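Colleague: Sequence unavailable; structure follows:
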């Protein structure tokens, strides 16, 4: 199974909705646990990385544009 690519500041879509009705979350802290903030009501939640990766559907908006390559940054 391929690991999902995400980074700090990304807006991701989750499998389940937040109680406010939004399923879009912003990643605001990364480590062993990941803190995400609901885009709808601004409530933040700290969840284990494994649970986050399991419940994340896809990255909706990334902080780094996809055409940017790391080789050209040298």
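Modeller: Perfect, I can see it now. Keep in mind that what you see is a predicted model, and the values were worked out from it rather than measured.
Colleague: what's the lowest-mean-pLDDT helix or strand in the chain packed up against?
Modeller: The helix or strand of the chain with the poorest confidence is strand 56-61; it has a mean of 89 (mean pLDDT, DSSP states H and E). Packing partners of strand 56-61 (3 or more Cβ pairs under 8 Å, 6 or more residues apart in numbering; DSSP states H and E): strand 11-14. Quick note: C-beta positions are derived from backbone N, CA and C, even for glycine.
Colleague: Now do the buried residues in the strand it packs on.
Modeller: 11-12, 14 (16 or more other Cβ atoms under 10 Å).
Colleague: show me where the chain has strands.
Modeller: Along the chain, counting by DSSP state E, strands occupy 11-14, 24-29, 33-38, 44-48, 56-61.
Colleague: Partner strands of the first one and their direction?
Modeller: Right, strand 11-14. strand 24-29 (antiparallel), strand 56-61 (antiparallel) (DSSP bridges).
Colleague: before we move on, the earlier item: work out the gap between the least confident helix or strand of the chain and the centre of the chain.
Modeller: Distance of strand 56-61 from its chain centroid, counting by Cα atoms, centre = their mean, to the nearest Å, is 6 Å.
Colleague: contact partners of it?
Modeller: Contacts to strand 56-61, defined as Cβ atoms under 8 Å, 6 or more residues apart in numbering, come from residues 4-6, 10-15, 24.
Colleague: returning to what we had before: which of the strands of the chain comes out lowest on mean pLDDT?
Modeller: Across the strands of the chain, strand 56-61 has the smallest mean pLDDT, namely a mean of 89.
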